[in-house]
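**Q** I need the structure of the sequence given here:
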Amino acid sequence: MSNLIAVFATIVNAYLVALFARRTLGVPVGWPRALVMGVVLGLSVAWAATEVGTMTGVYANGRISAPLSVVFVVTALVTAWTFVIGLIVLVLLELFVPTGTLPAPSAFLRGWKARRSRARRYTQVMRIAAKHGLGGYLGRRSRAGERPAAIARSLRDALNEGGVTFVKLGQMLSTRRDLLPEVFVDQLATLQTRAEPEPWEQIERAIEEELGRPLTEVFQTVDPTPLASASVAQVHSARLLDGRPVVLKVQRPGARKQVTSDVEIILRLAAWLERTTPWGRSLRVSRLAEGFAASLDEELDYTVELDNLRGVEATLGDGIRVPVAHEGYSTGRLLVMDRLDGTPVGEAGELLAALPPAEREAIAGRLLGEILRQLVHTGVFHADLHPGNILLTEDGRLGLLDFGSVGRLDQSTRNALGMLLLAVDNNDAIGATDSLIEMLDRPDGLAERELERDLGQLMVRYRSGFGRNGSAGLFAALFKLIHAYGFAVPPQIAAAFRALAALDGTLTLISPDLDVVGAVRKQGREMMRESLSPESVRADLESRLAGFLPILQRLPRRLNKLTEDLEHGRISINIRPLADEGDRRFLTGLVQQVVVAVLAAAATLGAIVLIAADSGPMVTPELRLFALVGFALLLVGFVLALRSLALVFRRE
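**A** Coordinates of the predicted model:
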């Protein structure tokens, strides 16, 4: 019974010490470390009081040899100083291991299995990197002597061996010509996500789980042999009960779990690379990894793809089709759509070769015009226009597939993009510069005049026509220019550039002789002229004036009041520099920091003077009264200094 009482008393004492420590420092120190410190202090106080009492003469030969008031004061000071030592340890822990950087004990125990699996996968990823000669780039030292082409091939092979998540990461990086050199982009663009088909029994079970019923209640037939097989999903052909041909896009069992685990590893690896490598900080790899994780999470949710499909379908013009989705049968892991007959452009070499060059150029121009119309007018566009996602029918019609990646642009961004196309067509470097600044996030210290000159040189370079792959050269040069001037490219703008870059390769397959940039300039000019026609301008002005109408109605009354106040001298200017609550809070916190620091310094200096004094009454034969007061004052100074330091660390 006595042991239980002792344990209970220790726990209560630890809780009180931890609570008092958190209140004293003024920051939410983690409870586990505060409780541990409370237990240690509770066990140390008795020993420290005995040792200090012996040194000061309060205790002699195991007995109290001083008045009870002195014993009480000395014991209180020893207890307080022991507590201060514990606070020092807590402040140091907050400095080097802030609260929240380590998992809670309960979370640590619950997540042990997941951490072990993640560690095993992390070791596998690092082994793959080392196998392909990339281990040296994961540290602080760089290997400048190796050729970029060899590094790019090694990176491609390592990502390909890493699995679906890393392949998709490489595909995403292959679209960032504003960040990566051309040789890396070319190698990463060859990554493929094809995989061996999953056994039909597992796919059938996954489809029935999503439908919530047997296949025979929804489909007449389902072909067990997939039309396409990727690392995340498989596509099977089927027929509904009414005989309508459809395709089923079903997510592989366990795909989300594997991708989620790999994404967490990528996020941790990106944060470490940004912290430890110069190139990681230069490329802001943490931001890249977060954007990749967000896009991949959407890609794994087929309800998002369903919304994207409806959004693109509502904006399409004539001549381009998209599959019709069956929402009643579609879920987060299953997408049921009508089947579009046709051949992917990447596999339609024979079909294209049988068409006259003029017709091929017309097909390519129609596709380019539709995508530009989506970018400039509707704002909803297909962002993954590689040759496998565009179908070509025997009668020359086009179809779009795979809506996992769809971008959306707001009105101001669409206007800026259209004005950029118009400025490029007019060789207007000033207008192009203004449009680029309006479309992107302006970097600090932007040299606008130099940017204007470089854009002008770029337009002059590509003004006289383009041969094969010439447009890709323009896109690459524009990306390099954007990156060189430190522009931060918003995700949706990057998606638009990615769509144009992918579309460039697709258009080249359809019509190798098509001057892509020339067609962009021509169609962009026509679109902007349509948007700047008298009817469009008048409609825009009418809508804007309608918004200003209430202000205009109140304007005469306000002008009348202003002139009367001016006539009678009632106009005054009231400036409230601290009207914002955030400004007041910042200034108050700053004043508190200064006051606490000054008080801590004053208390410490006063304590040192009292402790060093050789005069004054003696409390015990070894202890002066001034020294006793000095230690108490020094205690106050230390607590104030620790509170100030803890607040500084917390602020950072």
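**Q** any idea how far Arg310 lies from Leu401?
**A** Arg310 sits 15 Å away from Leu401, taking C-beta to C-beta, to the nearest Å as the criterion. From N, CA and C alone the C-beta is placed, and that goes for glycine too.
**Q** Those two: who's more crowded?
**A** Shown here are Arg310 and Leu401; by other C-beta atoms under 10 Å, Leu401 has more neighbours (21 against 15).
**Q** quick one: contacts for the more buried one?
**A** 322-323, 340, 344, 388-391 (C-beta atoms under 8 Å, 6 or more residues apart in numbering).
**Q** Equivalent analysis for Pro443, please.
**A** Pro443 neighbours (C-beta under 8 Å, 6+ apart): 485-488.
**Q** what ranges of the stretch 451-600 of the chain fall below the confidence cut-off?
**A** Within the stretch 451-600 of the chain, the segments meeting pLDDT under 70 span 462-476, 515-544, 546-548, 579.
**Q** Please apply the same query to the stretch 151-300 of the chain.
**A** Scanning the stretch 151-300 of the chain with the threshold set as pLDDT under 70 gives 175-179, 192-195, 279, 282-283.
**Q** can you pull out the strands in it?
**A** Ranges of strands in the stretch 151-300 of the chain, per DSSP state E, counting those that start in this stretch, are 219-222, 228-229, 233-240, 245-251.
**Q** and of those strands, who's closest to Leu549?
**A** Smallest distance to Leu549 across the strands of the stretch 151-300 of the chain (C-beta to C-beta): 49.8 Å, for strand 245-251.
**Q** For that closest one, list the C-alpha coordinates in PDB.
**A** Below are the C-alpha coordinates for strand 245-251, written out as PDB (Å, rounded to 0.1, in the frame of the first residue of the first chain):
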ATOM      1  CA  PRO A 245     -20.200  -1.300 -75.600                       C
ATOM      2  CA  VAL A 246     -18.300   0.200 -72.700                       C
ATOM      3  CA  VAL A 247     -14.800   0.100 -71.100                       C
ATOM      4  CA  LEU A 248     -14.000  -0.400 -67.500                       C
ATOM      5  CA  LYS A 249     -11.100   1.400 -65.900                       C
ATOM      6  CA  VAL A 250     -10.500  -0.400 -62.600                       C
ATOM      7  CA  GLN A 251      -7.800   0.400 -60.100                       C
END
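**Q** Give the other helices and strands that that strand contacts.
**A** Using 3 or more C-beta pairs under 8 Å, 6 or more residues apart in numbering; DSSP states H and E, the elements in contact with strand 245-251 are helix 200-211, strand 233-240, strand 334-338.
**Q** Report the mean per-residue pLDDT for the shortest one.
**A** So that's strand 334-338. The pLDDT scores in strand 334-338 average 89.
**Q** centre of the chain versus that strand, how much separation?
**A** Here strand 334-338 is found 31 Å from its chain centre; the criterion is C-alpha atoms, centre = their mean, to the nearest Å.
**Q** and after it, which helix or strand comes next?
**A** strand 343-344 (DSSP states H and E).
**Q** contacts for that next one?
**A** Against strand 343-344 from outside (C-beta under 8 Å, 6+ apart): 351, 387-393, 401.
**Q** Just those residues: which are in strands?
**A** 390-392 (DSSP state E).
**Q** just the buried members of those residues?
**A** Burial by neighbour count, 16 or more other C-beta atoms under 10 Å: within the ones in strands among the contacts of strand 343-344 this picks out 390-392.
**Q** Please identify the deepest-packed of the helices and strands packed on strand 245-251.
**A** strand 334-338 (a mean of 22; mean count of other C-beta atoms under 10 Å).
**Q** Next, the angle strand 245-251 makes with it.
**A** 160 degrees (axes from the mean of the first three to the mean of the last three C-alpha atoms, to 10 degrees).
**Q** what's around Ser644, how many residues?
**A** Applying other C-beta under 10 Å, I find that Ser644 has 22 neighbouring residues.
**Q** unless I'm mixing things up, it is touching Ala600, no?
**A** Yes - judged on C-beta atoms under 8 Å, Ser644 makes contact with Ala600 at a distance of 6.2 Å.
**Q** Any buried residues in stretch 338-357, and which?
**A** For stretch 338-357, burial by neighbour count (16+ other C-beta under 10 Å) applies to 339-340, 342-345, 348, 352, 355.
**Q** What is the burial count for the nearest residue in space to Glu299 that is not next to it in sequence?
**A** Once flanking residues are discounted, Glu299 sits nearest to Gly404: 4.2 Å by C-beta to C-beta, 6 or more residues apart in numbering. The local packing of Gly404 (other C-beta under 10 Å) involves 22 other residues.
**Q** Would you mind measuring from Gly404 to Thr604?
**A** According to C-beta to C-beta, Gly404 and Thr604 sit 63 Å apart.
**Q** ok, now Leu446?
**A** 49 Å.
**Q** how does this structure divide into domains?
**A** 2-106, 112-194+259-294, 343-532, 538-568, 582-651 (automatic domain parsing).
**Q** Check whether Leu191 really touches Val167, as I assumed.
**A** Yes - Leu191 lies in contact with Val167 (C-beta under 8 Å); the separation is 5.0 Å.
**Q** mind checking how far stretch 552-564 is from the chain centre?
**A** Distance, centroid of stretch 552-564 to centroid of chain: 48 Å (C-alpha atoms, centre = their mean).
**Q** residue boundaries of the strands in the stretch 301-450 of the chain?
**A** Counting by DSSP E, counting those that start in this stretch, the stretch 301-450 of the chain has strands at residues 320-321, 334-338, 343-344, 380-382, 390-392, 398-400, 406-408.
**Q** With distance to Thr506 added, can I get those strands in a markdown table?
**A** A markdown table is the format used below for those (distance: least, C-beta to C-beta, whole Å):
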| stretch | distance to Thr506 |
| --- | --- |
| strand 320-321 | 13 |
| strand 334-338 | 21 |
| strand 343-344 | 10 |
| strand 380-382 | 11 |
| strand 390-392 | 6 |
| strand 398-400 | 10 |
| strand 406-408 | 16 |
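**Q** Out of the ones you listed, flag the one nearest Lys257.
**A** Nearest of those (C-beta to C-beta): strand 334-338, 17.0 Å.
**Q** quick one, the closest one and strand 233-240 angle?
**A** Computed with the same axes, to 10 degrees, the direction of strand 334-338 lies at 50 degrees from that of strand 233-240.
**Q** for strand 334-338, packing partners?
**A** Counting contacts by 3+ C-beta pairs under 8 Å, 6+ apart, strand 334-338 is packed against helix 200-211, strand 245-251, helix 302-313.
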